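Take a look and give me a structure for this.
(chains A, B and C)
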Amino acid sequence: MQNTGVPIYQQIASQFREEILAAKKKQGEYLPSIRGLAKELRISVITTMKAYEELERQGLVTAVQGKGYYVNAQDSEMLKEQHMRKMEEHLANAISAARIAGISDQELLGILNILLEEEG
Amino acid sequence: MKKYLQSYHAFFPRSYMKWIIYLVYPASMFALFFGGQLLFDMMVLMLMMPTVMLAVECMIDMFVFSGFAAKGNAGRMEYMMASAKGRGMVNRALAVDWIRRLLYLLVLAAVVYVASLAKQGGELDEMLIKLFFCVLTSAAFLMSVALWIIRVIDNRAVQYGVMYMLLSLPAWVIMLLTKQFEMDMKWICLVFIVLFVISVAGQIWFLMKKVKEGYYDA
Amino acid sequence: MMNIESILTMRNLKKKFKGFALDIPELIIPKGFSTALIGENGAGKSTLFHLISGTRLDYTGEIDYFQGEKDEKKIRELIGYTSTSGYFMPNWSISQVGNVGALLFDNFDEERYQALLQELAVKEPEGKNKKEKRISKLSDGMRMKVMLASVFARDTRMLLLDEPASPLDPLMRDKLCAMIREYIHQGAGEKSAFFSTHNIADMENVTDYAIIMEKGQVVEQGFVEELKEKYVAVKGESGDAEKASRILFSFQQNSFGFEGICLAKELDKLAGMDVATEVPTLSQISVAVMKHYTSLQS
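Coordinates of the predicted model:
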């Protein structure tokens, strides 16, 4: 698990995200306590915390002081907007990398098109 | 009470030390005193017993508090040092140890006194019993000095040296004091009792100071 | 990150020996987490633990315990300290440690101590071992386990463990991590652990906050996840080695190319090189930091 190159906190976060999006975790339901989950998964508290913060940042859960994290209502409009934001962020990253490497905008668009075709 | 005894026993090297101190040692002393009467004159025994006790107490202490307040050793018991009650525990152990010793001295005095009274058919040999108390009180004082040294110096050879040197002293001291200064033996006893009390109190104060310094001397 | 409360706050802490000086202007140990103290031998880790545990009292500066607790007796009750040597009297038997523990600490639970001894495989179940071993006859690992049992048998608020993992075998290290995690979990944010270690890799999955010391000073500290964002592990080819060596925080060349740790903020200076980046382990970060400061000082 640790060798996959994806940080553990991201692995945990994405697992919870899938569960939430698949409605396995219902709206208003609390996630396991941070220290409880750390104990169960045999990882440090801070890693669990980071995973939950990641979920919060994605708007999937809300933190309540002293009580933990509960699952937000997942309306599709909001989700779409969230993914939009994420996509823009990644594209911005790609652009800045391209600028550093001296790749022209034309080339960049070309690469994007190729990737889109590959994905189908 | 239990707390006090447990604190004391924490310093015993093995659990069988309890048997030695509370049973084997007193029993042997009784055996020596009453059995010895078959071989020796009562007077010899009476003057010998305190010196034997001095030797035994020294040897026991070489295994109980031996060198515990020597430089470097006082800070070696971090479990006790980490607790707020650590010093209290050492203090209790030292106190119980001296109470135990004082009790043994008193029992020895009582047994010898009664035995000699019985031997003389109810009449007391005043001279002899005075001499006995002189030897006993001087042995008690020398004991406190010897144990003080044994507890501060972590070296077996030195500890034995101290013990042997002090063993012959009680008899010499009494002879010197009576012959040279013509002191009344009653006063000699009193002087030794006072010295004994000062020495024991001073010792406990000094050893506790050493334990406290263990927190500072890095 | 979030508002972190402190379990320990040290200010202007100074302690001098011959040829060594501990000097900590400010250090805060977070409450509710597990903190690792990392550093070379002689970096001052044990000295720091001595000061915190109250087994050494000659220092200047201040240590604030449990946010303003002043009662020394209470502080000592609430700290579960284990050291690297001279902890128990060598003549004590394992059960005697239990008796003495109950004398020394109000919160010592003798039943729990016995249960922990069995859990840690120090003692076999009742009746199997008639003869009790003395502390001086135990191996280093066994002695450590007795120390841990004596500390975990108490209801403390902070563990203060000096090199607990070193004398333990891999299985027991794993057990130790589980015990610390359980302690933190059951404390629900009120209990904290602070331990020193050379076995960073073994302890990483129980480390939330890391403090790296070098020659009596704290040279790096932070939550592990933050440190993993601050530093990046880099691998590259021989051709770029020379140029990379000037940019990387720590650098090592081998027959295939080079590898090292780069500060994340300097990562774009490597643009144009054929490098692979990875999230570093705490162990990699620690070694890099220690090497970096050692080379700076020499």
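
what does chain B put close to chain C?
By Cβ under 8 Å from any Cβ of the partner chain, the part of chain B that sits against chain C consists of B:3, B:6-7, B:10-15, B:75-86, B:89, B:215-216, B:218. C-beta coordinates here come from the backbone N, C-alpha and C atoms, glycine included.

Show me which of the residues you listed are buried.
For the residues of chain B next to chain C, a burial check counting by 16 or more other Cβ atoms under 10 Å in any protein chain shown picks out B:6-7, B:10-13, B:75-86, B:89, B:215.

Out of the residues you listed, name the ones that lie in helices.
Residues of those located in helices (DSSP state H): B:6-7, B:78-82, B:86, B:89.

Quick check: the farthest pair among these?
Spatial extent of those (Cβ to Cβ) is set by the pair B:6 and B:78 at 19.3 Å.

Check chain A for the residue nearest chain B and tell me.
Nearest residue of chain A to chain B, counting by Cβ to the nearest Cβ: residue A:45, 26.0 Å away.

list the contacts for that residue?
Neighbouring residues of residue A:45 by Cβ atoms under 8 Å, 6 or more residues apart in numbering or on different chains: A:34-35, A:38, C:32-34, C:184, C:208.

Repeat the analysis, applying 6 Å as the threshold.
Contact analysis of residue A:45 by Cβ atoms under 6 Å, 6 or more residues apart in numbering or on different chains lists A:35, A:38, C:33, C:208.

Compile those residues into a markdown table and extend it with columns for secondary structure and pLDDT.
Output for the contacts of residue A:45, formatted as a markdown table (DSSP: H, G, I helix; E, B strand; the rest coil; pLDDT from 0 to 100):
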| residue | secondary structure | pLDDT |
| --- | --- | --- |
| A:35 | helix | 87 |
| A:38 | helix | 88 |
| C:33 | coil | 91 |
| C:208 | coil | 91 |
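
Over the host helix or strand of residue B:118, what's the mean pLDDT, rounded is fine.
Assigned by DSSP states H and E, residue B:118 belongs to helix B:86-119. The pLDDT scores in helix B:86-119 average 91.

I'd like the secondary structure assignment at the nearest residue to residue C:26 once chain neighbours are set aside, please.
Nearest non-adjacent residue to residue C:26, counting by Cβ to Cβ, 6 or more residues apart in numbering or on different chains: residue C:11, 5.6 Å away. Following DSSP: H, G, I helix; E, B strand; the rest coil, we place residue C:11 in the strand state.

can you list contacts of the strand or helix carrying residue B:60?
According to DSSP H and E, residue B:60 maps onto helix B:42-64. By Cβ under 6 Å, 6+ apart, the surrounding residues in contact with helix B:42-64 are B:11, B:13, B:36, B:112, B:119, B:128, B:132, B:135-136, B:139, B:143, B:146-147, B:150, B:159, B:163, B:167, B:170.

Report the contact partners of residue 30.
The chain I'm using is chain A. For residue A:30, the contact set (Cβ under 6 Å, 6+ apart) comprises A:68, A:70.

sorry, should have said chain C
If you count contacts by Cβ under 6 Å, 6+ apart, residue C:30 has them with C:4, C:209.

and the spatially most central residue of chain B, backbone torsions?
The centroid of chain B falls nearest to residue B:143 when counting by Cα atoms, centre = their mean (4.3 Å). With angles defined as degrees, to the nearest 10, residue B:143 sits at phi -60, psi -50.

The closest residue to chain A within chain B: what's its closest spatial neighbour, skipping adjacent residues?
For chain B, the residue positioned closest to chain A under Cβ to the nearest Cβ is residue B:82, at a distance of 26.0 Å. The shortest distance from residue B:82 to any non-neighbouring residue, by Cβ to Cβ, 6+ apart, is to residue C:81 (4.7 Å).

Parallel or antiparallel, which strands does the helix or strand where that neighbour lies pair with?
In the assignment (DSSP H and E), residue C:81 maps to strand C:79-82. On the basis of DSSP bridges, the sheet neighbours of strand C:79-82 come out as strand C:158-161 (parallel).

State the distance from the residue of chain A found nearest chain C to residue C:245.
Here the residue of chain A nearest chain C is residue A:46; by Cβ to the nearest Cβ that distance is 3.8 Å. Distance of residue A:46 to residue C:245, computed by Cβ to Cβ, to the nearest Å: 32 Å.

So these two - more neighbours on which side?
Legend: neighbour count by other Cβ atoms under 10 Å in any protein chain shown for residue A:46 and residue C:245, higher for residue A:46 (25 against 14).
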